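K.L.:
kindly generate the corresponding structure for this input.
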Amino acid sequence: MQGSLLTLSLLVASGAALVGACGSGGSVQCKDNSSCDLASGGMCLGNPGTTHQWCGYPDADCPSGYRWSELDVGDGVGGRCVDPRALDKTPPIITGRNPAPESQEVSPAEVISVMFSEEIEPMSITASSLRLEDQSGRAVDVVAVTRGSEVVLAPKVPLDPRLSYRVTVTGEVTDLAGNGVPETSFWEFRTRAATWSAPVLLENEQRKKAVSIDVAAAGGVIVAAWASATCVNTTCGLVNEVWAAVRKGGVWGTPTKLSTATDRIVGIRVGASATGRAIAVWGEDGVSGPGKLYASHFDGTSWASSVPLQQNRDRSIRPAQVVAPNDGSFFVVWTDLLLPTRSTFWAARHLPTTGWQAAAGVQIDDGQDHWGPALATSGDSIAMLWDVQSTREISFSQISGVSGTDPAPIATTPAKPMLIAIATGAAQATALWGTDHVMARSQTNGVWDAPTQLDEPSRPPPTFAAKAGSNLAYTDRGTVIAVWATATDTWQAVRPAGQTWGPSFSIDNAADPVEDLQLAAGRSRALALWRTSDVIANEYNDASGWHGAAASGVSTAPVAALAIAYDTETNTFVAVWLQGNAAGLVDVVSSSYR
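P.N.:
Now for the predicted structure:
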């Protein structure tokens, strides 16, 4: 043995490589047990602190019963007791899965977990070693937590309904000793269909009659605002009150009165930003004086007193449009009617640091009457679309900061549009308008394609049933979806990212007239919502298409108006509507769809 030590010393001094056998062979590195002194009980063990394997020998003085070879000169662990983990040669195996393989009715909020036969090394759980994918093969963003022998995958946003998902476990998943799962395995499950929650009454004032409503969602905050009149029995006064309610964590807060006006409230609109703030904007129709426009800001905690955005015009103000760019501001555009054939666009911006700017920046005063504007935002840029009555032009402008591009005509129409909408995605925008037919045109990186007629020549013309500007939307995957109404039907057309428009077809099984048609979208799904004698919905998913029209089943009384928004934080659609009650008045009701 001393000769071996002398040989080793000479090898070290000369810089020779130490490969061969442990013990009497004079080497501490090994590939398998045969490289060690088996007669002395030698074993080739993986050192958890390095990427090498070393020979270990029995030693009763060590808790593990083994000691690294005394000849260890590679990483300074010579003479130390063997880490117990090095004795583990058994790979972990899967002992349980949740959801169970081939489950068909899994909640979109389900937490996915994998149970193993032994404790798992947390550092081995990565996006490639344990992954969750949808049926299109797209990775789902999850938070992975290792709890001993269990690994939990919690999706950052609830899963989509009616989709198949796959969980894959690879050999990169190891136990504490570095033993990998023997082979790659996977299993699949399917989420259940989305369902409507039980209706929630938003108002706490019992002697009110609500007449208009809007809703918006962003940053985990959902805000609804409505106008109402005070009533004695069923005799109601002027519609002069503005109310708002905020939903956080799935619960609506107590409504707040934002204003009591001297004139009739008209055209309520709301907007929400990714920072969890919101605004409500409304007009007064000028019954006793000039038309006015007011706004109130929600800072994430409470509503500020209302402020006038405009109050010195000659005629009524048409409903404003609101968007919230990524810069944290709110951008409001509205039209006031100066003469029967002349209207002006005005704009105001609310900045998170300085509040409201004066109504300036974007102003169109060309002596024409305009239909619109419709607004959409992507990033910090804002797209605006409108119609000029005298020339029948559909015009487009891109706004960034306080400046905008000159209006550019993108089409002409034979008559005043029945609908007009704009939607934006990453480096793209789509315009939608309809007169005798429904037309669309898309822009990619600043270049417009040719106009496309979405409906067939034999189809009936669109109607005014759609909520202004709300019947066009992009999913996060770049699919653009259009919906429109005819006399008794709701129609759709879809353009997947990088492709052409697909065929239009009806998504409505009812024969009743359509009202308040609108669309909200997020992630890979969209929801079209409208009312007949009930609240009707039809869901779209990029992976599985449309799922058929169905009454929501949440309204047992006539519905007067409705609005919808998509909450990105919870992958949930939230609807609000006005519903008659037993007292002969109108309540404000909400339900979520997930």
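K.L.:
is Ser259 in a bridge, and if so with what?
P.N.:
Here Ser259 sits in beta bridges with Val242, going by DSSP bridges.
K.L.:
quick one, grab the pLDDT at it.
P.N.:
Per-residue pLDDT puts Ser259 at 94.
K.L.:
pretty sure it contacts Ala304?
P.N.:
No - using CB atoms under 8 Å, Ser259 makes no contact with Ala304, being 11.6 Å away. Glycine gets a C-beta too; all of them are placed from N, C-alpha and C.
K.L.:
common neighbours of those two, please.
P.N.:
Ser296 (CB atoms under 8 Å, 6 or more residues apart in numbering).
K.L.:
higher neighbour count, those two?
P.N.:
Ser259 (19 against 14; other CB atoms under 10 Å).
K.L.:
dump the residue contacts of the more buried one.
P.N.:
Ser259 neighbours (CB under 8 Å, 6+ apart): 241-242, 265, 282, 294, 296, 306.
K.L.:
make it 7 Å
P.N.:
Contacts for Ser259 (CB atoms under 7 Å, 6 or more residues apart in numbering) come out as 241-242, 294, 306.
K.L.:
which is the succeeding secondary structure element to the helix or strand containing Leu375?
P.N.:
In this assignment (DSSP states H and E), Leu375 forms part of strand 370-378. Per DSSP H and E, strand 370-378 leads on to strand 381-388 as the next helix or strand towards the C-terminus.
K.L.:
helices or strands up against the next helix-or-strand element following that following strand?
P.N.:
Going down the chain from strand 381-388, the next helix or strand is strand 393-400, by DSSP H and E. Under the contact criterion of 3 or more CB pairs under 7 Å, 6 or more residues apart in numbering; DSSP states H and E, strand 393-400 touches strand 381-388, strand 408-412, strand 428-434.
K.L.:
so in that sheet, which strands flank the second one, and in what orientation?
P.N.:
What that stands for is strand 408-412. Short version: by DSSP bridges, strand 408-412 pairs with strand 393-400 (antiparallel).
K.L.:
name the surrounding residues that touch the partner strand.
P.N.:
For strand 393-400, using CB under 7 Å, 6+ apart, the contacting residues are 362, 380-388, 404-405, 407-413, 431, 433.
K.L.:
same question, stretch 229-238
P.N.:
207-209, 211, 239, 264, 584-585.
K.L.:
returning to what we had before: nearest to Ala348, of the helices and strands packed on strand 393-400?
P.N.:
Nearest to Ala348 among the helices and strands packed on strand 393-400 is strand 381-388; the distance by CB to CB comes to 12.8 Å.
K.L.:
re earlier: got a winner among the contacts of Ser259 for most neighbours?
P.N.:
Going by other CB under 10 Å, Val242 tops the contacts of Ser259 with 24 neighbours.
K.L.:
got a list of what it touches?
P.N.:
So Val242 contacts 225, 227, 258-259, 265, 268, 280, 282 (CB under 7 Å, 6+ apart).
K.L.:
tell me the one of those residues nearest Ile112?
P.N.:
Using CB to CB, these come closest to Ile112 at Ala225, 38.1 Å.
K.L.:
is Met123 in a helix, a strand, or coil?
P.N.:
helix (DSSP: H, G, I helix; E, B strand; the rest coil).
K.L.:
got a pLDDT number for it?
P.N.:
pLDDT at Met123 comes out at 94.
K.L.:
can you check Ile394 too?
P.N.:
89.
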